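>>> Here is a sequence with its predicted model. Questions after.
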Amino acid sequence: METQQDLSAEINAMGDAYARALKDGASAETQPRLDYAPYRSSILRHPTKSLHHADPETIELYSPAFGHQDVHALESDLTIQHNGEPQGERIIVAGKVLDGDGRPVAGQLVEIWQANASGRYIHKRDQHPAPLDPNFTGVGRCITGPDGSYRFTTIKPGAYPWKNHVNAWRPAHIHFSMFGTEFTQRIVTQMYFPGDQLFPLDPIYQSIVDQDARDRLVASYDHNLTEPEWALGYNWDIVLTGSKRTWTENEALGAAGDEE
Amino acid sequence: MSTTTNLVPTPGQTVGPFYGYALPFDKDNELLAPGSPGSLRLQGTVYDGAGETIPDAILEIWQPDADGRIVQQTGSLVRDGYTFTGWGRASVGHSGVYTFTTVNPGPTGPGAAPFISVAVFARGLMNRLFTRMYLPENEEALAKDPLLSSLDPDRRKTLMARRDPDGGLTWDIRLQGEGETVFLDFQ
């Protein structure tokens, strides 16, 4: 069985090669590598041909519409979905969804899911022998405000062991799923917590070989979001790819959003 | 926002293995009710580079209605059974097969080749992939389609659905290897 040492050697070799390429004038990579062998499950699941450039057309220049028909306001609080209080450290995670031009993405769907405070997912395939929490499911949704803002109240997830190699642990993370104003901006990603000692060891986080790009997935502790005697606050903004559609003035001002 | 800034996009990450209790929802793959007028089954199988089926992939489709109109109606997550929103989500089953109930997308303009926009997510797939599924009919429109004309015939056919005898559509996705689906980069 492969050890963390074996994996770390591969991760570091790829990181060093990238650093050399950067020094030699290669442009910075901003997305994860699809072909990143240290994440073993990716070996047979990445395209071997390069992605084919296409100009987005018609339907691709629009996004599905979501609104308050779809999501109840209480779905953004993951700590009130059961009869009792979940175990763990209560946190607030808030920020904005922006497009590549800095425009707020208003009235759009944000979905999150995560492990509980012990690092256990409620999913039936998760065999980690840590306790399930009867008061925590770990799923939330919200619709962004007119300024692109989102806000969740939840529990800080625990680190999570997996079987990529012996003694493999994922840094604590929250899965995020977002839509933009165009379907080509669709993104699913993971938000991490600052200062996690597992970052250098994790092949999923390290599949983004550029340090600045990786840093964009790490939330900041924000004392202004922290609520007295209640919850610690973390801030994390998401930037989608730039939009290709010609915007009307109303859309650019966010008026197309589904406001309350 | 009066000034235009160019921000660097946030990186994507794999959807992982545990989306199954979070992303699926009731009638997620029914853009309209099965059996309703005009409805058809769109189905296919997702394969990896060894030709094995992938049991933990999740797909989204986004398409115009049968008349080629781009719909901007809310209500995809809580379907009322009548409103066509144009968007749906389907998890593959244990055998890697996905199913949607939808309509044939109409042409969005005169002479346009109708297609469905598809986003693919899977455990082991580092970032989502975009592709298109085209209807097999109307060869004249297909021949003029800008994307299809930019592809070799071998690769082009990976974007073409097959019409089933019952009027449904079958379209497989191959993430890697022989017959690898054409995936798109819009940047």
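Looks like it came in fine.

>>> Which parts of the chain are helices?
The chain I'm using is chain A. Remark: helices assigned in chain A by DSSP state H are A:4-23, A:203-206, A:211-215, A:249-252.

>>> Please refer instead to chain B.
Counting by DSSP H, the helices of chain B are B:139-144, B:146-149, B:153-156.

>>> The longest one and chain A, are they touching?
No - under the criterion of CB under 8 Å from any CB of the partner chain, chain A is not reached by helix B:139-144; the shortest gap measures 12.5 Å. Glycine gets a C-beta too; all of them are placed from N, C-alpha and C.

>>> which ones are touching residue 166?
The chain I'm using is chain A. By CB atoms under 8 Å, 6 or more residues apart in numbering or on different chains, the residues touching A:Val166 are A:1-4.

>>> not quite, I wanted chain B
By CB under 8 Å, 6+ apart, the contact set of B:Asp166 is B:40-41.

>>> quick one, phi psi at it?
phi -90, psi 10 (degrees, to the nearest 10).

>>> Do you know the pLDDT at it?
B:Asp166 is assigned a predicted lDDT (pLDDT) of 96.

>>> ditto for B:Thr5
B:Thr5 is assigned 60 on the pLDDT scale.

>>> for the residue nearest to B:Leu77 when sequence neighbours are not counted, phi and psi?
The spatial neighbour of B:Leu77 that comes closest, neighbours along the chain excluded (CB to CB, 6 or more residues apart in numbering or on different chains), is A:Asp70 at 3.8 Å. Phi and psi for A:Asp70, reported as degrees, to the nearest 10, are phi -90, psi -30.

>>> which ones are touching B:Thr74?
B:Thr74 touches A:65-70, A:258, B:85, counting by CB under 8 Å, 6+ apart.

>>> before we move on, what about B:Thr131?
Residues in contact with B:Thr131, defined by CB under 8 Å, 6+ apart, are B:118, B:120, B:159, B:173, B:181-184.

>>> Show me where chain B has its strands.
With DSSP state E as the criterion, chain B has strands at B:40-47, B:57-62, B:87-91, B:97-102, B:115-122, B:129-134, B:162-163, B:169-170, B:173-174, B:184-185.

>>> now chain A
Secondary structure of chain A (DSSP E): strands located at A:52-53, A:90-98, A:109-114, A:139-143, A:149-155, A:160-162, A:168-170, A:173-178, A:187-192, A:220-221, A:232-235, A:238-239.

>>> about what we covered before: can you lay out the helices of chain A as a markdown table showing mean pLDDT and mean neighbour count?
Formatted as a markdown table, these follow (pLDDT from 0 to 100; neighbours: other CB atoms under 10 Å in any protein chain shown):
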| stretch | mean pLDDT | mean neighbour count |
| --- | --- | --- |
| helix A:4-23 | 97 | 14 |
| helix A:203-206 | 98 | 23 |
| helix A:211-215 | 97 | 14 |
| helix A:249-252 | 54 | 12 |
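
>>> and stretch B:31-39, anywhere near chain A?
No - Stretch B:31-39 stays clear of chain A (CB under 8 Å from any CB), getting no nearer than 10.5 Å.

>>> Could I have the CA atoms of that stretch written out in PDB?
Coordinates of the C-alpha atoms in stretch B:31-39 are reproduced here as PDB (Å, rounded to 0.1, in the frame of the first residue of the first chain):
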ATOM      1  CA  LEU B  31     -38.000  18.400 -16.800                       C
ATOM      2  CA  LEU B  32     -41.600  17.400 -17.400                       C
ATOM      3  CA  ALA B  33     -43.700  14.500 -16.100                       C
ATOM      4  CA  PRO B  34     -43.000  11.200 -17.800                       C
ATOM      5  CA  GLY B  35     -45.800  10.300 -20.200                       C
ATOM      6  CA  SER B  36     -46.900  13.900 -20.700                       C
ATOM      7  CA  PRO B  37     -47.300  15.100 -24.400                       C
ATOM      8  CA  GLY B  38     -44.000  15.600 -26.100                       C
ATOM      9  CA  SER B  39     -42.000  14.000 -23.300                       C
END
